[in-house]
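Q: Coordinates only, no sequence provided:
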């Protein structure tokens, strides 16, 4: 029988970073603390029957490193190479600066089979609730 991934200690209970205390994060229009992240995977917890969907909550702070505010020069180059117009280049560079940290939210491993490792999932659901106040 595969391990019970619903009882994984530490996955959803990782202490979060204080993004509001960091001046670099305060400048961003959206921070990881404003997101709800869930991994959806197939689980076969019973010896009989079909696999079932399991939704495991992930803290965004466990996925996004505190250094994510430091944008590499390669990321800016990719953003500015996406356009020829100087105004569009500036707009893409600004988007990279504000939202480039979201690349850390990508799902690293796709679940192919029910018995794949616990760090894989079918999909990652990221939600920004309207209950979070807009940052100024």
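A: Thanks, I have it. The shown structure was predicted, so the numbers you read here are calculated from the model rather than taken from an experiment.

Q: Can you tell me the SS state at residue 57?
A: Under DSSP: H, G, I helix; E, B strand; the rest coil, residue 57 falls in the strand class.

Q: Please give the number of neighbouring residues around it.
A: Applying other Cβ atoms under 10 Å, we find 12 residues neighbouring residue 57. Backbone N, C-alpha and C define where each C-beta goes, glycine included.

Q: My read is that it contacts residue 38, right?
A: Yes: counting by Cβ atoms under 8 Å, residue 57 does reach residue 38; the two are 5.4 Å apart.

Q: Any stretches of this protein with poor pLDDT?
A: 1-16, 46, 130-136 (pLDDT under 70).

Q: Let me see the ranges of the strands in it.
A: 35-43, 52-58, 123-128 (DSSP state E).

Q: Just the buried residues of the longest helix seen in the chain, please?
A: For the chain, the helix with the greatest residue count under DSSP state H is helix 86-99. Within helix 86-99, the residues scored as buried using 16 or more other Cβ atoms under 10 Å are 89, 92-93, 96-97.

Q: Stretch 47-65 now?
A: Across stretch 47-65, burial judged by 16+ other Cβ under 10 Å covers 54, 56, 58-64.

Q: try stretch 118-126
A: Quick answer for stretch 118-126 (16+ other Cβ under 10 Å): 118, 120-121, 124, 126.

Q: Equivalent analysis for stretch 98-113, please.
A: Under 16+ other Cβ under 10 Å, the buried positions of stretch 98-113 are 100-101, 107, 111.
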